[in-house]
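Asker: Attaching a predicted model along with its sequence, questions to come.
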Amino acid sequence: MPAADLTYVSNKVVDIINILPPDAFSDTCLHILTHLCGQSAGVDSAVLSNELSNAGVTLDHEDLQSIIRYVLLTFRFAGKHSLSADGLVSKLEEDSSRWAKPSLQVIHKLWSEHSAEVQLQQEAKGILSIGQLVDMQWKLGMAVSSDTCRSLNSPYVMVLLKVADPSGQIHQKSFEMTIQQFQNLHSHFKDIAAVMETV
């Protein structure tokens, strides 16, 4: 992507950030820093969107995703290059002249408080970079039509997984299983839990 395109994308996200009240932007950054400090598996945009909505802030899903990606990359970059809060703000101002002072103050304050913890966590994560299972839900249903069930009116299990990828974004995956497949999965989880207790 040419530098002009990157500047356009950067300016567009900065414009969206500047619209947010400082408290809402601070809460968004705290969600991201909580993840980067290793205290959560990822940044759940659905939860964040709910919190912003409850605070009276309405954001388009794509805009919220853009903010999350941009701030994640910004804090990761600052951690990787051991930037101070002043250094980070200077770099942001260099990249885009459109930053509002209140937004930069939020970033300065939060990076001053959390930079050491983020840098430590990044060093640890550099050793092992895999996705993490955040949540698993299941429900029992009755098949009306399915590719895996042989006959109609057969019971099935719908499984919903929330997985945080190494970048910190949480993705949802869902699939259907027969009762036998679900029982086998349960058995495997029991075996894994038994092995993990011995570690």
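Answerer: Structure's in. What do you need?

Asker: Quick check: Trp99 is in a strand.
Answerer: No. When the secondary structure is assigned by DSSP: H, G, I helix; E, B strand; the rest coil, Trp99 falls in coil instead of a strand.

Asker: Correct me if wrong: it contacts Val14.
Answerer: Yes. Shown here, Trp99 and Val14 form a contact pair, counting by C-beta atoms under 8 Å, at 5.7 Å. In this view, the C-beta of every residue, glycine as well, is placed from N, C-alpha and C.

Asker: Need the pLDDT of the nearest residue in space to Leu92 that is not next to it in sequence.
Answerer: Nearest in space to Leu92, with sequence neighbours left out and distances taken as C-beta to C-beta, 6 or more residues apart in numbering, is Trp99 at 5.9 Å. Note for Trp99: predicted pLDDT of 94.

Asker: and what of Ser151?
Answerer: In this model, Ser151 is scored at 59, pLDDT.

Asker: What is the burial count for the closest residue to Ala24 other than its chain neighbours?
Answerer: If you skip the residues right next to it in sequence, Ala24 has Val57 as its closest partner in space, 4.7 Å away by C-beta to C-beta, 6+ apart. Burial of Val57, expressed as a neighbour count using other C-beta atoms under 10 Å, amounts to 18.

Asker: Got phi/psi on Val57?
Answerer: Taking degrees, to the nearest 10, you get phi -110, psi 120 for the backbone angles of Val57.

Asker: List the contacts of it.
Answerer: Applying C-beta atoms under 8 Å, 6 or more residues apart in numbering, we find Val57 in contact with Leu20, Pro21, Ala24.

Asker: With Leu52 as the reference, measure out to the first one.
Answerer: Distance check for Leu20 against Leu52: by C-beta to C-beta, to the nearest Å, it reads 8 Å.

Asker: so what sits against both of the two?
Answerer: Overlap of the contact sets of Leu20 and Leu52 (by C-beta under 8 Å, 6+ apart) consists of Thr28, Leu59.

Asker: neighbour-wise, which of these two wins?
Answerer: Neighbours of Leu20 and Leu52, each counted by other C-beta under 10 Å, are more numerous for Leu20; the result is 22 against 19.
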